[in-house]
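Participant: Next input, structure requested:
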Amino acid sequence: MAMSNLQIDYDSVADLYDLYVTADYDISFFLQETANVNGPVLELTAGTGRLSVPLVRAGTQLTCVDSSRGMLDVLSRKLREHGLNADVRCADVCALELPASFQLALLPFQSFMEIVGEDRQRRALAAVFACLVPGGRFICTMHNPAVRRAQVDGALRIVGRFPVPDGTLVVSGFEQGGFPVVERLQFFEFFGSDGRLRAKRLLPMAFTFVEKADFESMARDTGFDVIELYGNYDRSSFDADRSPVMIWVLRKRDAEPSAVTDT
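Facilitator: This next block holds a predicted model:
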């Protein structure tokens, strides 16, 4: 599975994504974080709109960015169906070309981990920094390596069984590596109502474990100050041994760090 330098091909499963990704545990958190923002908000890795639709419905002035055109097509269709409006853009988070107009940027669903390699991670942080107004906030989420690494053991696990017309979709996968890059194979198997396998898809994936000290160093180097670090979406404090996630709340400094010059 040597695909660590490649982006995940979400286009290949855009038509299935909403069937098997039904998580809503973080939506109330982000609704609260955006409720008092008087200005535009940037959502990165917006996908099919799992979070985007609730935010726009709540009145957020949202720009939705994702690198998958197929996922954004689903999002755009949802917005039309609900009579909602958002600025939807297909772009790489490491190469954003947006004005410095955003009060708040969000990178939800632990998706920072899908930016593999320190160079790309630093480019992503710099790109987000450039999009924010001075004092703007960036909420960046990722798994806690100390907790999540226990699942990277090569064992095949069922993600779930989901009803589809005339049958069932079974999603499963296994992971290996994790120091720091995890390589995952995810399987999508379609069974007819008679129980027979009718079709199958395979999605290679890669993500990287980002240690707390490393992320904090990159963020500060970019020009961010750390405002909060939560360990879960109930805003509990981060516990290095037990918290499932790291939810970083960063603020763009009013002035960018001065360049160091020789004297």
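
Participant: D26: how many residues sit nearby?
Facilitator: 19 (other CB atoms under 10 Å). C-beta here means a position set from N, CA and C on the backbone, and glycine is covered the same way.

Participant: do G49 as well
Facilitator: Residues near G49, counting by other CB under 10 Å: 28.

Participant: quick one: it and K78 touch, right?
Facilitator: Yes. In this structure G49 lies within contact range of K78 using CB atoms under 8 Å: 5.0 Å.

Participant: Between the two, which contacts overlap?
Facilitator: By CB atoms under 8 Å, 6 or more residues apart in numbering, G49 and K78 have no common neighbours.

Participant: ok, and for stretch 231-247, which residues are buried?
Facilitator: G231, N232, Y233, F238, S243, V245, M246, I247 (16 or more other CB atoms under 10 Å).

Participant: The nearest residue to V74 once chain neighbours are set aside: helix or strand, and which one exactly?
Facilitator: Spatial nearest neighbour of V74, excluding adjacent residues (CB to CB, 6 or more residues apart in numbering): T48 at 4.1 Å. Counting by DSSP states H and E, no helix or strand carries T48.

Participant: just so I have it, where are all the strands in the protein?
Facilitator: Per DSSP state E, the chain carries strands over the ranges 41-44, 62-66, 87-90, 102-107, 132-143, 157-164, 167-177, 181-192, 197-208, 224-230, 245-252.

Participant: about what we covered before: neighbours of the residue nearest to V74, how many?
Facilitator: T48 has 24 neighbouring residues, counting by other CB under 10 Å.

Participant: isn't it right next to L16, touching?
Facilitator: No. If you go by CB under 8 Å, T48 and L16 don't touch, sitting 10.0 Å apart.

Participant: sorry, back to before: out of the strands of the chain, which is closest to Q32?
Facilitator: Nearest to Q32, of all these, is strand 132-143, at 11.1 Å by CB to CB.

Participant: got the contact list for the closest one?
Facilitator: If you take CB under 8 Å, 6+ apart as the criterion, strand 132-143 is touched by 26, 30, 33, 39, 100-113, 128-129, 209-210, 215, 219, 224, 227, 244-255.

Participant: again, only using 7 Å
Facilitator: 33, 100-110, 112-113, 128, 210, 224, 244-252, 254 (CB atoms under 7 Å, 6 or more residues apart in numbering).

Participant: got it, and stretch 182-192?
Facilitator: If you take CB under 7 Å, 6+ apart as the criterion, stretch 182-192 is touched by 1, 3-4, 13, 16, 152, 164, 166-177, 197-207, 209.

Participant: can you give me the mean pLDDT across stretch 172-189?
Facilitator: The average pLDDT within stretch 172-189 is 97.

Participant: which residues does I158 bridge with?
Facilitator: On DSSP bridges, the residues paired with I158 through beta bridges are S172.

Participant: thinking it is in contact with G173, fair?
Facilitator: No. Contact criterion CB atoms under 7 Å: I158 and G173 do not qualify, at 8.8 Å.

Participant: Which one's more surrounded, these two?
Facilitator: G173 (17 against 10).

Participant: ok, the more buried one - contacts?
Facilitator: R157, V159, R184, L185, Q186, F187 are the contacts of G173 under CB under 7 Å, 6+ apart.

Participant: Which residue, other than its chain neighbours, is closest to it?
Facilitator: Q186 (3.9 Å).

Participant: ok, back up a step: which of the buried residues of stretch 231-247 lies closest to D119?
Facilitator: Among these, and counting by CB to CB, the member closest to D119 is M246, at 20.8 Å.

Participant: And the pLDDT at that closest one?
Facilitator: At M246, the model reports a pLDDT of 99.

Participant: could you measure the nearest residue to R123 once chain neighbours are set aside against I115, distance?
Facilitator: Spatial nearest neighbour of R123, excluding adjacent residues (CB to CB, 6+ apart): C94 at 4.2 Å. Applying CB to CB, to the nearest Å, the value for C94 to I115 is 7 Å.
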